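Asker: give me coordinates for this.
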Amino acid sequence: ATGQCGARRNVEGSMISLTYGKVCVRNVDPIEKKPIFHYRPGSRVLSLGTFGCNLRCLNCQNAALVNTRVEDAQCTLMSPQEVVDAALEQGVHGIAWTFNEPTVWAELIIDTASVAREHGLFTMVNTNGYILSPASEELFRSVQVANIDLKGFTEVFYREQCGGSLQEVLDACEEARGQGTHVELTCLLIPGLNDSPPEVEDRKSTRLNSSHVQPSR
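Answerer: Have a look, this model is predicted:
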């Protein structure tokens with residue numbers, strides 16, 4: 001059976017990654033496009049993405065990519081060393097895991113990050129933050145930067161619009177900060193769904209003012 005994320009399959013009791021090394025999207029971007037504004041501004045990153053996601057957001061901007069399954073994915077197979085070699089060839093400063101949800105190929109990110117550090121490259125993830133410990137601990141310990149998408153501000157919104165839960169995302173923000181990762185948040189506003197003044201004010205005065213989700217400086 002294949003999980004909802006489309007990236008892992010149970011084969012005779014063993015969980016098998018279907019995405020490891022399978023690069024479906026590749027581009028060189030300014031770090032501000034990730035968006036990251038307070039970590040090495042002006043630097044360039046090699047952006048990589050695969051298929052799959054662990055949420056089902058009704059307003060996803062990359063729905064075609066995240067809903068693709070392994071049988072239909074058009075990818076190039078790359079090892080961690082090949083990813084780093086490509087980054088060095090492009091003359092970038094870091095590697096960004098983005099486009100789809102990076103946690104679906106966290107194993108590749110972790111393996112690549114160790115090679116990247118040896119060559120002076122930083123690594124970052126643009127993630128929805130819907131990841132539990134100890135997996136979140138291992139991931140954020142490996143990368144230097146994380147942009148975490150806070151897609152809504154209530155459990156009801158996450159359940160109805162994303163098929164997930166807010167608390168796990170807040171916990172991941174805390175985990176990332178605890179690991180010393182540079183964290184910046186992207187806060188999604190959808191007119192009529194999560195942009196009411198009380199909801200936005202509640203976010204500003206409570207959740208986002210707690211130390212574990214403050215942007216790093």
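Asker: residue 144: what's it in contact with?
Answerer: Counting by Cβ atoms under 8 Å, 6 or more residues apart in numbering, residue 144 touches 39, 94, 122, 123, 124, 181, 182. C-beta coordinates here come from the backbone N, C-alpha and C atoms, glycine included.
Asker: try it again with 7 Å
Answerer: Residues in contact with residue 144 (Cβ atoms under 7 Å, 6 or more residues apart in numbering) are 122, 123, 124, 181, 182.
Asker: do residue 51 as well
Answerer: Applying Cβ under 7 Å, 6+ apart to residue 51 gives the contacts 6, 19, 24, 65, 66, 68, 73, 100.
Asker: pretty sure residue 73 sits against residue 24.
Answerer: Yes. Counting by Cβ atoms under 7 Å, residue 73 sits close enough to residue 24 to count as a contact (5.8 Å).
Asker: if we can go back for a sec, which of the contacts of residue 144 sits closest to residue 60?
Answerer: Proximity of these to residue 60 (Cβ to Cβ) peaks at residue 124, which lies at 20.5 Å.
Asker: show me the beta-bridge partners of that closest one.
Answerer: Residue 124 has these beta-bridge partners by DSSP bridges: residue 96, residue 145.
Asker: which residues are in contact with it?
Answerer: The contact partners of residue 124, by Cβ under 7 Å, 6+ apart, come to 34, 36, 45, 94, 96, 143, 144, 145, 146.
Asker: any idea how far the fourth one is from residue 144?
Answerer: Look at residue 94 and residue 144: by Cβ to Cβ, to the nearest Å, they are 8 Å apart.
Asker: can you give me the pLDDT of the residue nearest the centre of the chain?
Answerer: Residue closest to the average C-alpha location in the chain (Cα atoms, centre = their mean): residue 127, at 2.0 Å. Residue 127 is assigned 98 on the pLDDT scale.
Asker: next, the buried residues of stretch 78-88.
Answerer: 78, 80, 83, 84, 86, 87 (16 or more other Cβ atoms under 10 Å).
Asker: and it, how far from the chain's centre?
Answerer: Centroid separation between stretch 78-88 and its chain, computed with Cα atoms, centre = their mean, to the nearest Å, is 19 Å.
Asker: likewise stretch 15-27?
Answerer: The answer for stretch 15-27 is 14 Å, by Cα atoms, centre = their mean.
Asker: what pLDDT, on average, does it get?
Answerer: Stretch 15-27 shows a mean pLDDT of 95.
Asker: in contact with residue 102, which residues?
Answerer: So residue 102 contacts 109, 125, 126, 127 (Cβ under 7 Å, 6+ apart).
Asker: could you measure from the last one over to residue 13?
Answerer: Counting by Cβ to Cβ, the separation of residue 127 from residue 13 is 28 Å.
Asker: cool, and residue 179?
Answerer: From residue 179 to residue 13 the distance is 31 Å (Cβ to Cβ).
Asker: who's more crowded, those two?
Answerer: Set residue 179 next to residue 13 and count neighbours by other Cβ atoms under 10 Å: residue 179 wins out with 17 against 5.
Asker: my guess is that one contacts residue 142, does it?
Answerer: No. The criterion here is Cβ under 7 Å, and residue 179 misses it with residue 142 at 8.9 Å.
Asker: returning to what we had before: of the contacts of residue 144, which is the nearest to residue 57?
Answerer: For the contacts of residue 144, the residue nearest residue 57 by Cβ to Cβ is residue 124; the value is 20.9 Å.
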